[in-house]
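> Starting from these lines, generate the structure:
(one chain, ligands or ions: 1)
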Amino acid sequence: MATKRLANLPGTTDRRIDALLTLLAENSTIVISGAKIAKEIGVTRQQVWRWIQKLRELGVRVKGHPRSGYHIERVPDILVPQMISHRLLGTPFARRIYHFFKVDSTNAVAMRLGESGEPHGTIVVAEEQTAGRGRAGRSWVSEKSAGIYCSILLRPPIPPAYAPLLTLVAGLAARDATAEDLDVLPDIRWPNDLLVGGRKVCGILTEMHAEPDRVHYAVVGIGMNVNQAKMPAELSDIATSLRMETGKFHSRLELLIRLLRHLDRYYNQFLAEGSQPILRRFAEVSSYSEGKRVRITTATESFSGTTAGLDASGVLRVARDDGGLIEPVLSGDVEDAS
Ligand code: BTN
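Below you'll find the predicted structure:
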């Protein structure tokens, strides 16, 4: 495979910090000398020491042994590329992973990368976002290293009318990735909210650049609440985290790997077999697909009704209470109604 250099993006994590972390994590049972680390990653011992301080500030527990070297106390849950890429071999997500300790929005970065010609499968991941974007102009609260904040650049050979299917594909992947960590099965509220016990643990924002008959690129941004101990007061009725639901810490690294592997599987199925298997799977796992009483709020109106399945392009059909007509809902907020 041809390897293209990663774009030189300001703010991405220095590849040598990535290498340092990976070296420590892969040798977690032994003490490695500062000199050996310095030689392996090609920096001075002083630089190794400075980076170890930085990692400690980020919560990585690195023990320093006065004469012998460094030792990591447990494998850190930081989503640096080297820890992820070898676990994604065989998928398009293994080769181009951009990691930030802090960034405004991984979607914003991925959209820029899409514009500059980065290939299908490029991943942007951050430990923290300062301007995480949600649907309908809302923001996405992105506490440092507590959640997964990841954007995936796709170049799907589909017309834009079928783009809602990409959101469903990502929602199914997120659902399967989290189901393994939960005692109760998560639900998907159309189009993209993953719910546990009626509260949101994951949201997906799909943005794209297209012309009428062709998508140039799409960015699927996934925000998952994983190890937050509590949600901000204004969100506590509607949002939760996997940790809050289970009382346990969850490995963001394992969740992200599973998420991307499931995404690869559903995406390939969508391209090979079309929308039907995706729609069938959505109907199996989402209580919102059919027969659910809902209140819909779109940019222009709000109405209540009963869901009546999805059409072939993933649009939700709702039988309106006022007149009983079936309304196709292309985008909007869905709430439970009595
Ligand atoms: C929603 O409103 O439910 C969608 C939330 C999507 C949040 C994710 S976090 C990673 C990616 N970067 C962003 O700025 N937004 C998405």
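
> Just grab the bridge partners of the residue in the stretch 101-250 of the chain positioned nearest to the ligand for me.
Closest contact between the stretch 101-250 of the chain and the ligand, by C-beta to the nearest ligand atom, is at Gly203 (2.2 Å). Quick note: C-beta positions are derived from backbone N, CA and C, even for glycine. Under the criterion DSSP bridges, Gly203 forms beta bridges with Gly223.

> what's the spacing between it and Ile72?
In this view, Gly203 and Ile72 are 32 Å apart by C-beta to C-beta, to the nearest Å.

> again, but for Gln228
For Gln228, the distance to Ile72 - C-beta to C-beta - is 24 Å.

> So for these two, which residue has more residues nearby?
Ile72 (23 against 19; other C-beta atoms under 10 Å).

> any weak-confidence spans in the stretch 1-150 of the chain?
1-7, 66 (pLDDT under 70).

> Which residues of it lie near the ligand?
Ser105, Thr106, Asn107, Gln129, Gly132, Arg133, Gly134, Arg135, Arg138, Trp140, Tyr149, Cys150 (C-beta under 6 Å from any ligand atom).

> what's the most distant pair in those residues?
The widest separation within those, taken as C-beta to C-beta, falls between Arg138 and Cys150 and amounts to 18.2 Å.

> wait, what's in contact with the most centrally placed residue in the chain?
Central residue of the chain (C-alpha atoms, centre = their mean): Ile222, 3.1 Å from the mean position. For Ile222, the contact set (C-beta atoms under 8 Å, 6 or more residues apart in numbering) comprises Ile148, Tyr149, Cys150, Ser151, Ile152, Ala170, Ala174, Cys202, Gly203, Ile204, Leu259.

> if you set the cut-off to 7 Å instead, what comes out?
Ile148, Cys150, Ala170, Ala174, Cys202, Ile204, Leu259 (C-beta atoms under 7 Å, 6 or more residues apart in numbering).

> TSV please, covering those and showing distance to Gly121.
What follows is the contacts of Ile222, written out as TSV (distance: C-beta to C-beta, whole Å):
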residue	distance to Gly121
Ile148	17
Cys150	13
Ala170	14
Ala174	18
Cys202	21
Ile204	17
Leu259	14
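
> Now do the same for the residue in the chain sticking out farthest from the centre: helix, strand or coil?
Going by C-alpha atoms, centre = their mean, the residue of the chain most distant from its centre is Arg67, 41.2 Å out. Classification of Arg67 by DSSP: H, G, I helix; E, B strand; the rest coil places it in coil.

> again with Val220
Per three-state DSSP, Val220 ends up strand.

> Which stretches in the protein count as strands?
Assigned strands in the chain, in chain order: 62-65, 69-72, 97-100, 123-126, 147-154, 187-189, 193-196, 199-211, 214-225, 290-297, 302-310, 316-320, 326-329, 333-336 (criterion: DSSP state E).

> More neighbours: Arg138 and Cys150, which one.
Cys150 (26 against 12).

> Name the residues linked to the more buried one by a beta bridge.
The partner residues for Cys150, given DSSP bridges, come to Val125, Ile222.
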